[in-house]
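# what's the 3D shape of this:
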Amino acid sequence: MTATKGEFFNPAKLSSRDKAEATDHTARAIIAAEATARDKKTEKLKALRLQQEADAEPKAAPAKKRRSPAKPRP
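As a prediction, the model looks like this:
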């Protein structure tokens, strides 16, 4: 059995409306996927930033000793 041209190529042409709908659907799917990836990345970076800020908070620092005021020289 030999392969014919009709088996590999669709002889019916798509209308311009169908082509536009297919392009629109594909573009919207790509944009939605990019938005989802961006939101996930933003949440991940926010969590890391909050964790870093929590780790960087100064612990209860020891109170600094105050110097006594300078005595006047005689």
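# what ranges do the helices span in the protein?
With helices called from DSSP state H, the chain shows them at 5-8, 16-56.
# Return the member of these having the minimum mean pLDDT.
Comparing mean pLDDT across the helices of the chain, the weakest is helix 5-8, with a mean of 68.
# how much space between T26 and K44?
Relative to K44, T26 is positioned 27 Å away (Cβ to Cβ, to the nearest Å). Placement of C-beta: from N, CA and C, glycine included.
# With distance to P69 as extra columns, can I get the helices of the chain in a markdown table?
Conversion of the helices of the chain to a markdown table gives the following (distance: least, Cβ to Cβ, whole Å):
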| stretch | distance to P69 |
| --- | --- |
| helix 5-8 | 97 |
| helix 16-56 | 35 |
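# which of these is buried the deepest?
Highest mean neighbour count among those (mean count of other Cβ atoms under 10 Å): helix 16-56, with a mean of 10.
# Which neighbouring elements make contact with that helix?
The contact analysis (3 or more Cβ pairs under 8 Å, 6 or more residues apart in numbering; DSSP states H and E) places helix 16-56 against no helix or strand.
# Could you tell me how far it lies from the centre of the chain?
Relative to its chain's centre, helix 16-56 lies at 6 Å (Cα atoms, centre = their mean, to the nearest Å).
# what does stretch 51-60 give?
That offset, for stretch 51-60, works out to 25 Å (Cα atoms, centre = their mean).
# Just the CA atoms of that stretch, as CSV, please.
Output of stretch 51-60 as CSV, limited to C-alpha atoms (Å, rounded to 0.1, in the frame of the first residue of the first chain):
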residue,chain,number,x,y,z
GLN,A,51,12.3,34.5,55.4
GLN,A,52,15.4,36.5,54.9
GLU,A,53,14.0,39.5,56.7
ALA,A,54,13.0,37.3,59.6
ASP,A,55,16.5,35.8,59.8
ALA,A,56,18.1,39.2,59.6
GLU,A,57,16.1,40.8,62.4
PRO,A,58,18.5,41.8,65.2
LYS,A,59,18.4,39.6,68.2
ALA,A,60,18.0,41.4,71.6
